[in-house]
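Colleague: give me the fold of what follows.
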Amino acid sequence: MSASRSTVAVGPSAGLAGGGDGIACGEEVSGALWDPSLMAGKARPGYLGPPGGAARQIPVPGGTVLPRLLEGGGLPGASMTDIHALPPTMGQLSLGKVGITGIRKPLVIQRPERTHTLSAGFEVYVDLPALRKGSDLSRNAQVLAEVVDETVHRPARSLESACLAIARELLPRHPYAREAEVRVEAEYFRPRGIREDRVSLENFTLLAAAWARRTPSGVEVQKAVGAEAMGMTACPCAMETCRARLEAEFPLLRDAQFAAMPIITHNQRNRSRLLLTLEEEAEVEADELLDILEGAQSSPTYAILKRGDEGQVVLDAHRRPRFVEDVVRAALSLLAERFPQLPDTTGVEVATRSEESIHKYDVRAEHRSTLGALRRE
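Modeller: Numbering: from 1, shown residues only. Next up is the predicted model:
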């Protein structure tokens, strides 16, 4: 090793030693690799040892943490360069999010009324400093597996609490990262039916997210909880256009009763979602969010409908025709009414998309705000 390089000596770890992607799970580093003293080339002691206790050296030349030799990498007696710790070759730029997505796991949630086993799809990210080529992605998968698999034995309190546990654990596993983010979408079934004798378990989507950030005073966390529901809308514009054309064609229809009657229009399959950004201690039930979404649409939709039921759903939707703009505004209003206990700082995001029946495109609307802003409007 060149005498011009300062080094950080490392030795055996009290945790899980070895590992082909740099710092293995359970290993410790004194300080954090993103600490300015390391980036400035000032060596600080730590330890990361492989089995057997052979020390490694981490060169720190001119403010850059160079790759260390990793023992093994799955090959007995071999050593390999930690490519992830190299300086980037495509420009030394920091990245806001690097991680894994598209990974599904069974997640067990214990709610007051019953236990739910959810099929959940996760996204797990950390940020990446400018002086590091890559992120140690296997650590994301390992933390995810540790937290989620444990819910089989000890169910999580909620979807968002599981996200918080993952986000918190990501930061010590990625000492160079300042922020961690976890997002999840999960299939959820609840009993629904237009009549009591037509009830079935129907699927919805639950949403959750969590963020953990290093700050001078420690790690700060935030969470989000949300839901998505499919329903239908009926177009109010086409309804009134059809009414006017029918009155012109059939003058005898021009009376107050016909003016108040729901008549033909085109329909849309509507998908709406909402997300609330909350402080850690706040709690919101997913079923309440789903009730808000279905209440904002022209009508819910159902898996089991007999002939008379179909007519009832169509009439219900046509009695409450709505644009996508109406759906978003209705959901925002219902949110403000439903959760008076939540603080004004609660973040609100509502989005809706209608799959158009007579157009070659879909229609979308969304709004982001806070409960405080909604209450003041």
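Colleague: hang on, E279 packs against V225?
Modeller: No. Using C-beta atoms under 8 Å, E279 is not in contact with V225; the gap is 11.6 Å. From N, CA and C alone the C-beta is placed, and that goes for glycine too.
Colleague: just want to know which of these two has more residues nearby.
Modeller: V225 (25 against 12; other C-beta atoms under 10 Å).
Colleague: ok, which stretches of the stretch 51-200 of the chain are helices?
Modeller: Counting by DSSP state H, counting those that start in this stretch, one finds helices in the stretch 51-200 of the chain at the ranges 137-150, 159-173.
Colleague: just the stretch 201-350 of the chain next, same as before
Modeller: 236-249, 256-260, 286-296, 307-319, 324-338.
Colleague: what's the closest of these to R192?
Modeller: Evaluated over these, closeness to R192 peaks at helix 286-296, with 8.8 Å, by C-beta to C-beta.
Colleague: any buried residues in that closest one, and which?
Modeller: A286, L289, L290, D291, I292, L293, E294, G295, A296 (16 or more other C-beta atoms under 10 Å).
Colleague: which two in the residues you listed are spaced the farthest apart?
Modeller: A286 and A296 (15.8 Å).
Colleague: contact partners of stretch 280-288?
Modeller: Contacts to stretch 280-288, defined as C-beta atoms under 8 Å, 6 or more residues apart in numbering, come from residues 111, 158-159, 164, 188, 190, 206, 221-223, 225, 227, 276, 278, 338-339, 342-343, 346.
Colleague: go again using 10 Å as the cut-off
Modeller: Stretch 280-288 is contacted by residues 109, 111-113, 116, 157-161, 164, 186, 188, 190, 204-208, 210, 220-227, 276, 278, 291, 334-335, 338-339, 341-343, 346 when judged by C-beta atoms under 10 Å, 6 or more residues apart in numbering.
Colleague: how far does it sit from its chain's centre?
Modeller: 15 Å (C-alpha atoms, centre = their mean, to the nearest Å).
Colleague: quick check: pLDDT value at the residue of the chain most remote from its centre.
Modeller: Most distant residue from the mean C-alpha position of the chain: L252, 55.5 Å away (C-alpha atoms, centre = their mean). On the pLDDT scale, L252 is placed at 90.
Colleague: now it: how far from F258?
Modeller: Separation of L252 from F258 (C-beta to C-beta, to the nearest Å) stands at 9 Å.
Colleague: then A209?
Modeller: 49 Å.
Colleague: more neighbours: which of those two?
Modeller: A209 (22 against 14).
Colleague: how close does the more buried one get to F323?
Modeller: In terms of C-beta to C-beta, A209 sits 28 Å off from F323.
Colleague: in strands, which of the contacts of stretch 280-288 fall?
Modeller: 109, 116, 186, 188, 190, 204-208, 210, 220-227, 276, 278 (DSSP state E).
Colleague: pull out the buried residues from the contacts of stretch 280-288.
Modeller: Among these, those that count as buried by neighbour count (16+ other C-beta under 10 Å) are 109, 116, 158-161, 164, 186, 188, 204-208, 210, 221-227, 276, 278, 291, 334-335, 339, 342, 346.
Colleague: could you chop this protein up by domain?
Modeller: Segmentation of the chain into domains, based on automatic domain parsing, reads 1-86, 87-215, 225-377.
Colleague: could you tell me the least trusted of those domains?
Modeller: domain 1-86 - the lowest mean pLDDT of those, at a mean of 44.
Colleague: now do A256: how many residues are near it, please.
Modeller: Neighbours of A256 (other C-beta under 10 Å): 7.
Colleague: my error: substitute V313 in the last question.
Modeller: Neighbour tally, V313, other C-beta under 10 Å: 18.
Colleague: what's near enough to touch F122?
Modeller: Taking C-beta under 10 Å, 6+ apart, one finds 99-105, 107, 140-141, 144, 148, 162-163, 166, 182-186, 208 in contact with F122.
Colleague: can you tell me which of those are buried?
Modeller: For the contacts of F122, buried by 16+ other C-beta under 10 Å: 99-100, 105, 107, 140, 144, 148, 162-163, 166, 182-186, 208.
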